[in-house]
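[1] the sequence isn't on hand, but the structure is:
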């Protein structure tokens, strides 16, 4: 019975696509099937067996179908598949979706004895495209960051100023998702890393205070100042009106008192005849205005 095992994959950049190396060599008697990954449109090199000298028979199968069976050749190539006996490396170029399969290689000596077996399961993945990183200011002042990319089986990672983002930095989401909401007060360089089993790509930007929030704060200050000025002006006008009303009332009262005295004097003269100087009432003291 065959078992599957994961293997460390090395990513190498090439001009015409992504190139991946996978070590699928096994110890004698090991029946595990090594899982390898190939980039769509790129190439993969699989170390299926240890190097051998020429003069051996090499048989390669793809899902039980023979790809080739050759003798005494250092390098064997069929379609986009090749095998180098001197290095033990099996290569698939210009990988297509149909190359997703299980590959099995056998090496026999001159006597027909099986001396080496290599097997791997190749899974094809589309490489990660360049991520698109965006920031959005929310009405409450928090910032929502989003990272989008194309590719298969994408995994996301985030960092702020070189340190991983943790839950204490976040209002919602997590460091393993494509979007999250940052808490207020965070600033610095935020980086999004997107990866799968065949490639990795990153994008970064600077996080600062939202301009919209600054505008809201400025407008709030303006409204508060306008309200305070309106209240102060109202209080000033009310006090000035009250101050100017008091002397006017006092003047009117003094004038009415003087008129009342003159009216009484005239009424007394009409009733009893002319009044002598001794009978005149004392002059009321005038009120000071």
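    Nice, I can see it. Worth saying up front: this structure is predicted, and the values here are computed from it rather than measured.
[2] which strands and helices sit next to the top strand by length along the chain?
    Identified as the longest strand of the chain according to DSSP state E is strand 114-125. Judged by 3 or more C-beta pairs under 8 Å, 6 or more residues apart in numbering; DSSP states H and E, strand 114-125 is in contact with strand 32-39, strand 43-47, strand 89-92, strand 101-108. All C-beta atoms are positioned from the backbone trio N, CA, C, and that covers glycine.
[3] ok, the closest residue to residue 51 other than its chain neighbours - contacts?
    What sits nearest to residue 51 in space, not counting adjacent residues and going by C-beta to C-beta, 6 or more residues apart in numbering, is residue 88, at 4.9 Å. The contact partners of residue 88, by C-beta atoms under 8 Å, 6 or more residues apart in numbering, come to 25, 47-52, 118.
[4] any chance you could map the strands in the stretch 101-250 of the chain?
    Assigned by DSSP state E, counting those that start in this stretch, the strands in the stretch 101-250 of the chain fall at 101-108, 114-125, 132-137, 143-148, 155-160, 163-164, 170-173, 179-182, 188-195, 200-207.
[5] paired strands for the second one, with orientation please.
    Spelled out, it's strand 114-125. strand 32-39 (parallel), strand 101-108 (antiparallel) (DSSP bridges).
[6] and residue 154, which of those is closest to it?
    Closest to residue 154 of these, according to C-beta to C-beta: strand 32-39, at 13.6 Å.
[7] list the buried ones in the closest one?
    Buried residues in strand 32-39, counted by 16 or more other C-beta atoms under 10 Å: 33-39.
[8] looks like residue 115 contacts residue 57 (just checking).
    No - with contacts counted by C-beta atoms under 8 Å, residue 115 stays clear of residue 57, the gap being 9.9 Å.
[9] now do the shared contacts for those two.
    Contacts common to residue 115 and residue 57, judged by C-beta under 8 Å, 6+ apart, are 107-109.
[10] closest one to residue 161 out of those, please.
    residue 107 (52.6 Å).
[11] what sits against the nearest residue in space to the closest one that is not next to it in sequence?
    Among residues not flanking residue 107 along the chain, residue 116 sits closest, at 4.1 Å (C-beta to C-beta, 6+ apart). Residue 116 is in contact with 49-50, 52, 105-107, counting by C-beta under 8 Å, 6+ apart.
[12] list only buried entries from those.
    Here, 16+ other C-beta under 10 Å leaves 49, 52, 105-107 buried among the contacts of residue 116.
[13] now for these: which two are most distant?
    Top of the distance list for those (C-beta to C-beta): 52 and 106, 11.9 Å.
[14] could you chop the chain up by domain?
    Domain segmentation of the chain under automatic domain parsing yields 3-125, 132-209, 213-279.
[15] will you turn the shared contacts of residue 115 and residue 57 into JSON lines that also has distance to residue 198 and pLDDT?
    Formatted as JSON lines, the shared contacts of residue 115 and residue 57 follow (distance: C-beta to C-beta, whole Å; pLDDT from 0 to 100):
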{"residue": "107", "distance to residue 198": "28", "pLDDT": "88"}
{"residue": "108", "distance to residue 198": "33", "pLDDT": "89"}
{"residue": "109", "distance to residue 198": "35", "pLDDT": "87"}
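[16] which of the buried residues of strand 32-39 sits closest to residue 155?
    Proximity of the buried residues of strand 32-39 to residue 155 (C-beta to C-beta) peaks at residue 37, which lies at 13.0 Å.
[17] chain neighbours aside, what residue packs nearest to the closest one?
    Distances taken as C-beta to C-beta, 6+ apart place residue 197 nearest to residue 37, at 3.9 Å, with adjacent residues excluded.
[18] pLDDT score for that neighbour?
    pLDDT for residue 197: 96.
[19] and the gap between it and residue 52?
    In this view, residue 197 and residue 52 are 29 Å apart by C-beta to C-beta, to the nearest Å.
[20] now distance to residue 153 too, for the helices and strands packed on strand 114-125, in CSV please.
    As requested, the helices and strands packed on strand 114-125 are exported to CSV (distance: least, C-beta to C-beta, whole Å):
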stretch, distance to residue 153
strand 32-39, 9
strand 43-47, 16
strand 89-92, 19
strand 101-108, 18
